[in-house]
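J.: Next come a sequence and a model predicted from it.
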Amino acid sequence: MLYLYNIICKYTLLFILHFHKKITFAKKHISYDTVNDRIR
């Protein structure tokens, strides 16, 4: 049971890190798009 719990924790952390990277990546793209719109 404890082994299973450790696997779940590990995968949850990996998922959160992966998701966080995607969010920051999306935010960067959104900010670049707004800057480009202002230049135009």
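T.: Here it is on my side, so go on. Numbers count the residues shown, from 1 in each chain.

J.: burial count for His29?
T.: When neighbours are counted by other Cβ atoms under 10 Å, His29 registers 10. Quick note: C-beta positions are derived from backbone N, CA and C, even for glycine.

J.: any idea how far Lys22 is from it?
T.: Taking Cβ to Cβ, to the nearest Å as the measure, His29 and Lys22 are separated by 11 Å.

J.: repeat for Ile16
T.: For Ile16, the distance to Lys22 under the criterion Cβ to Cβ works out to 11 Å.

J.: and for these two, which residues touch both?
T.: Residues within reach of Ile16 and of Lys22 at once, by Cβ atoms under 8 Å, 6 or more residues apart in numbering: there are none.

J.: where in this structure is pLDDT low?
T.: By pLDDT under 70, the weakly predicted segments of the chain are 30, 32-35, 39-40.

J.: Please enumerate the strands of it.
T.: Across the chain, reading from the start of the chain, there are no strands by DSSP state E.

J.: gap between stretch 19-32 and the chain center?
T.: When distances are taken as Cα atoms, centre = their mean, to the nearest Å, stretch 19-32 is centred 7 Å away from the chain's centroid.

J.: Just the C-alpha atoms of it, please, in PDB.
T.: Backbone C-alpha positions of stretch 19-32 (Å, rounded to 0.1, in the frame of the first residue of the first chain) are rendered in PDB as follows:
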ATOM      1  CA  PHE A  19       1.400  21.200 -16.300                       C
ATOM      2  CA  HIS A  20       3.200  24.200 -14.700                       C
ATOM      3  CA  LYS A  21       5.700  24.300 -17.500                       C
ATOM      4  CA  LYS A  22       2.900  24.300 -20.000                       C
ATOM      5  CA  ILE A  23       1.100  27.100 -18.200                       C
ATOM      6  CA  THR A  24       4.300  29.300 -18.100                       C
ATOM      7  CA  PHE A  25       5.000  28.500 -21.800                       C
ATOM      8  CA  ALA A  26       1.400  29.500 -22.700                       C
ATOM      9  CA  LYS A  27       1.800  32.800 -20.600                       C
ATOM     10  CA  LYS A  28       5.000  33.600 -22.500                       C
ATOM     11  CA  HIS A  29       3.300  33.100 -25.800                       C
ATOM     12  CA  ILE A  30       0.300  35.300 -24.800                       C
ATOM     13  CA  SER A  31       2.600  38.100 -23.700                       C
ATOM     14  CA  TYR A  32       4.600  37.900 -26.900                       C
END
